[in-house]
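Attaching a predicted model along with its sequence, questions to come.
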Amino acid sequence: MARWGRPDLTVVDPAGATWEIYVSRFRGPRWQPRDYESPSELITWNWNLSGGVLLLLLEVPLFLYNCVLVPAATFLLRLPAAIVRSRRSETWTVEALCWWPHEQRFRWSVDAANRVRVAAEISQGIAEGRWAHPAGAVFHGEEIR
């Protein structure tokens, strides 16, 4: 298996897109920004220089608090539990990831004994322009961003 943070396999599909295949037992916590009431909706009536400055003074701290600081603290608090769960897990995740022309992710879970075979079947299927359905793997879906 490859080093941490690097793809285990890299494959090019017939359309020329490069896919990275990652095999890992670690499933980290998700980054979850909070929803908040933006003050820009309250200041729509005052779009002059002072209104823009006021908006900047209100919006930036609220954004940093709700979309950066709180999610970062939540992520760090949940990280140790995710690490312990991953170390005890017998289930591995195989993820196929393509960055261009838009981000696409496909994810399967598999037991430890079949992880190398499943990753090889998935990469071979991508190279041939089809999606493999490896025996013993559970497909969890597609995520397109």
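Happy to help now that I have it. Worth saying up front: this structure is predicted, and the values here are computed from it rather than measured. Numbering: from 1, shown residues only.

so Asp8 touches Thr93, yeah?
No: counting by CB atoms under 8 Å, Asp8 does not reach Thr93; the two are 11.3 Å apart. For the C-beta atoms, the positions are set from N, CA and C on the backbone; glycine is no exception.

got the contact list for Glu128?
Each residue near Glu128 by CB atoms under 8 Å, 6 or more residues apart in numbering is listed here: Pro14.

domains for this structure, by residue range?
Domain assignment for the chain, taken from automatic domain parsing, gives 9-25+90-144, 39-82.

related to what we said a few turns ago, intersection of neighbour lists for Asp8 and Thr93?
Tyr22, Val23.

And the helix or strand harbouring Val116, what does it pack against?
For Val116, the host element (DSSP states H and E) is helix 115-127. Contacts defined by 3 or more CB pairs under 8 Å, 6 or more residues apart in numbering; DSSP states H and E place helix 115-127 against strand 9-12, strand 18-24, strand 91-98, strand 104-111.

Single out the most deeply packed of those.
strand 91-98 (a mean of 20; mean count of other CB atoms under 10 Å).

before we move on, the earlier item: turn the helices and strands packed on helix 115-127 into TSV, columns for mean pLDDT and distance to Pro71.
Listed next are the helices and strands packed on helix 115-127 as TSV, based on pLDDT from 0 to 100; distance: least, CB to CB, whole Å:
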stretch	mean pLDDT	distance to Pro71
strand 9-12	86	30
strand 18-24	88	22
strand 91-98	87	22
strand 104-111	88	20
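
Longest helix in the protein, by number of residues?
For the chain, the longest helix by residue count, based on DSSP state H, is helix 70-88.

hang on, the earlier thing: show me what counts as buried in the helix holding Val116.
Arg115, Val116, Val118, Ala119, Ala120, Glu121, Ile122, Ser123, Gly125, Ile126 (16 or more other CB atoms under 10 Å).

how far off strand 104-111 does it point, in degrees?
Counting by axes from the mean of the first three to the mean of the last three CA atoms, to 10 degrees, helix 115-127 lies at 150 degrees to strand 104-111.
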